[in-house]
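Peer 1: Pasted the sequence and its predicted model underneath.
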Amino acid sequence: MAVTGTRVLVGRYVLREVLGTGGMATVWRARDEVLSRDVAVKVLNQQFAADPGFAARFEREARHAAGLSHPRLVTVFDCGVDGSTPFIVMELVAGPTLRQVLDRAGTLPLGEAVRIAAAVCEALEVAHAAGLVHRDIKPANIVLAGSEVKVLDFGIARVDGGTGVTGTAVLLGTAAYLSPEQASGRPAGPQADLYALGCVLMCLITGRLAFDREGYLYASSRAEGCVYRISPEGAISTYAEGMGIATGLAFDRAGNLYVGDRSGTIFKIAPTREIFVFATLEPSMAAYHLAFRDDGVLLVTAPTTSSNQPIYAIAQDGTTSVFYRGLGRPQGMAFDAAGNLYVAASLGGRRGVVRITPETEAELFLSGPAIVGLAFSPSKSLILATNNSLYRVDVGIEGRRIP
């Protein structure tokens with residue numbers, strides 16, 4: 001069948017409609033003219049296609065992915081090169097990506113989020129057993145086809161134990177789900193996929209990530225005293241430096257970034273990247289945990305071994321006062337809609353989540369010795385983190401113990 005006025009790869013795959021684009025490739029709905037079926041074709045973007053080493057890697061690892069067969073994995077049918085353009089032909093799955101679902105719903109019920117994460121684990125178990133590391137697990141690469149969950153896009157996957165051919169200036173993966181080893185340019189093993197899946201699960205439950213309004217991720221470096229900014233495409237740059245041993249981060253509503261320092265200094269970085277000393281606490285008070293109240297007051301504390309640890313309240317004019325004193329080893333803070341502050345800490349020798357009212361009355365809201373962090377979801381549920389699990393708690397239920 002002759003087709004004119006549209007692009008055809010290797011005389012067989014007719015590209016009809018763009019399904020999605022990314023920093024590395026464009027995915028098309030296409031027609032396989034030989035087998036008379038619709039398929040998805042991923043075409044490597046020109047900047048990567050021009051690198052012979054990257055193109056060879058793309059094709060080689062696509063062939064490895066084609067050797068995988070599992071209901072949780074999108075099937076790879078073919079791969080090749082049309083002129084100088086590498087491409088992969090895949091099963092066309094009828095259904096939205098998890099990213100599209102989240103864009104509509106914001107969050108998912110806990111049971112549904114766990115079901116999806118477990119299905120992705122099944123897919124990764126098969127891939128890892130074959131020595132294949134995905135390296136880009138994210139909501140856009142998880143498809144919901146009815147009740148089925150499928151993982152796609154092994155286009156930047158790595159064969160575990162294989163040699164890398166990607167230049168050091170190319171960071172593979174998506175910033176929000178990037179493992180520490182990937183962000184620092186080290187080889188990514190199966191644990192990088194599990195780290196990314198944990199980030200996905202947090203996003204499903206809470207609906208949020210540590211981004212600014214433009215989609216950039218920020219990370220502080222204690223060793224280098226700087227703040228790095230990671231773009232949605234994965235490019236890492238130094239956002240600000242010269243801040244001693246940088247620790248906690250928090251944005252105010254005006255887009256200013258506040259950075260805590262282990263010496264007790266809190267820096268304010270304006271959107272113009274000008275750096276100001278916002279406040280200085282007592283020398284023994286490291287500014288590890290930061291949280292903003294609705295009135296713009298910044299609360300600061302740190303996980304010391306003292307049982308009389310203060311939480312400081314810093315107004316926008318720099319005035320500092322003690323908001324509350326009497327907690328042991330606080331590990332994180334978050335406000336609810338009513339202005340109550342929840343802190344993972346010890347109170348009166350008991351470990352758990354302490355709730356402090358606006359009138360600074362404190363109570364042990366929930367007991368649980370292994371709680372190391374917390375945050376509120378958009379649905380107003382309290383999300384608790386232990387060393388290996390996440391829990392969601394209705395803030396109206398008091399005294400409920402973590403299993």
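Peer 2: In hand now; what should we look at?

Peer 1: In the helix or strand where residue 59 lies, which residues are buried?
Peer 2: Assigned by DSSP states H and E, residue 59 belongs to helix 52-66. For helix 52-66, the neighbour count (16 or more other Cβ atoms under 10 Å) marks 54-55, 57-59, 61-62, 64-66 as buried. For every residue, glycine as well, the C-beta is placed using N, CA and C.

Peer 1: quick check, distance from stretch 20-33 to the centre of its chain.
Peer 2: 24 Å (Cα atoms, centre = their mean, to the nearest Å).

Peer 1: Flag every buried residue along it.
Peer 2: For stretch 20-33, burial by neighbour count (16+ other Cβ under 10 Å) applies to 22-28, 30-32.

Peer 1: Closest one to residue 112 out of the buried residues of helix 52-66, please.
Peer 2: residue 65 (27.1 Å; Cβ to Cβ).

Peer 1: which sections of the stretch 51-200 of the chain are below the confidence cut-off?
Peer 2: The stretch 51-200 of the chain contains residues with pLDDT under 70 at 61, 154-176, 178, 180-186.

Peer 1: And the helices in it?
Peer 2: Shown for the stretch 51-200 of the chain, the helices assigned by DSSP state H, counting those that start in this stretch span residues 52-66, 98-105, 110-129, 180-183, 190-206.

Peer 1: Out of the ones you listed, which is the most enclosed?
Peer 2: Mean neighbours per residue, mean count of other Cβ atoms under 10 Å, is largest over the helices of the stretch 51-200 of the chain for helix 190-206, with a mean of 20.

Peer 1: chain center to it: distance?
Peer 2: That offset, for helix 190-206, works out to 7 Å (Cα atoms, centre = their mean).

Peer 1: Adding distance to residue 392, write the helices of the stretch 51-200 of the chain out as JSON lines.
Peer 2: Listed next are the helices of the stretch 51-200 of the chain as JSON lines, based on distance: least, Cβ to Cβ, whole Å:
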{"stretch": "helix 52-66", "distance to residue 392": "35"}
{"stretch": "helix 98-105", "distance to residue 392": "16"}
{"stretch": "helix 110-129", "distance to residue 392": "5"}
{"stretch": "helix 180-183", "distance to residue 392": "26"}
{"stretch": "helix 190-206", "distance to residue 392": "6"}
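
Peer 1: Residue 367: which of these is closest?
Peer 2: For those, proximity to residue 367 was assessed by Cβ to Cβ; helix 110-129 is nearest, at 20.7 Å.

Peer 1: mind saving the C-alpha coords of the closest one as CSV?
Peer 2: Output in CSV follows, covering the C-alpha atoms of helix 110-129 (Å, rounded to 0.1, in the frame of the first residue of the first chain):
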residue,chain,number,x,y,z
LEU,A,110,-4.4,4.2,49.4
GLY,A,111,-5.6,0.8,48.3
GLU,A,112,-5.5,1.7,44.6
ALA,A,113,-2.0,3.3,45.0
VAL,A,114,-0.7,0.2,46.7
ARG,A,115,-2.2,-2.1,44.0
ILE,A,116,-0.5,-0.1,41.2
ALA,A,117,2.8,-0.1,43.0
ALA,A,118,2.6,-3.9,43.6
ALA,A,119,1.9,-4.4,39.9
VAL,A,120,4.9,-2.3,38.9
CYS,A,121,7.0,-4.4,41.3
GLU,A,122,5.9,-7.5,39.4
ALA,A,123,7.2,-5.9,36.1
LEU,A,124,10.5,-4.8,37.7
GLU,A,125,11.0,-8.3,39.2
VAL,A,126,10.9,-9.8,35.7
ALA,A,127,13.2,-7.1,34.2
HIS,A,128,15.7,-7.2,37.0
ALA,A,129,15.9,-11.0,36.9
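
Peer 1: can you list contacts of it?
Peer 2: With Cβ atoms under 8 Å, 6 or more residues apart in numbering as the test, helix 110-129 has contacts from 65, 68, 70, 72-73, 98, 107-108, 133-134, 137, 142, 144, 149-151, 154, 157, 160, 190, 193-194, 197, 200-201, 204-205, 392.

Peer 1: quick one, which of the helices of the stretch 51-200 of the chain is nearest to residue 356?
Peer 2: helix 190-206 (21.4 Å).

Peer 1: now for that closest one, which elements pack on it?
Peer 2: helix 98-105, helix 110-129, strand 132-133, helix 180-183, strand 382-385, strand 390-393 (3 or more Cβ pairs under 8 Å, 6 or more residues apart in numbering; DSSP states H and E).

Peer 1: To residue 261, which of the ones you listed lies closest?
Peer 2: Across the helices and strands packed on helix 190-206, the minimum distance to residue 261, taken as Cβ to Cβ, is reached by helix 180-183, at 21.4 Å.

Peer 1: on that earlier part again, now do the helix holding residue 59: distance to the chain's middle.
Peer 2: 26 Å.

Peer 1: Ok, stretch 131-142 next?
Peer 2: On Cα atoms, centre = their mean, the centre of stretch 131-142 falls 13 Å from that of its chain.
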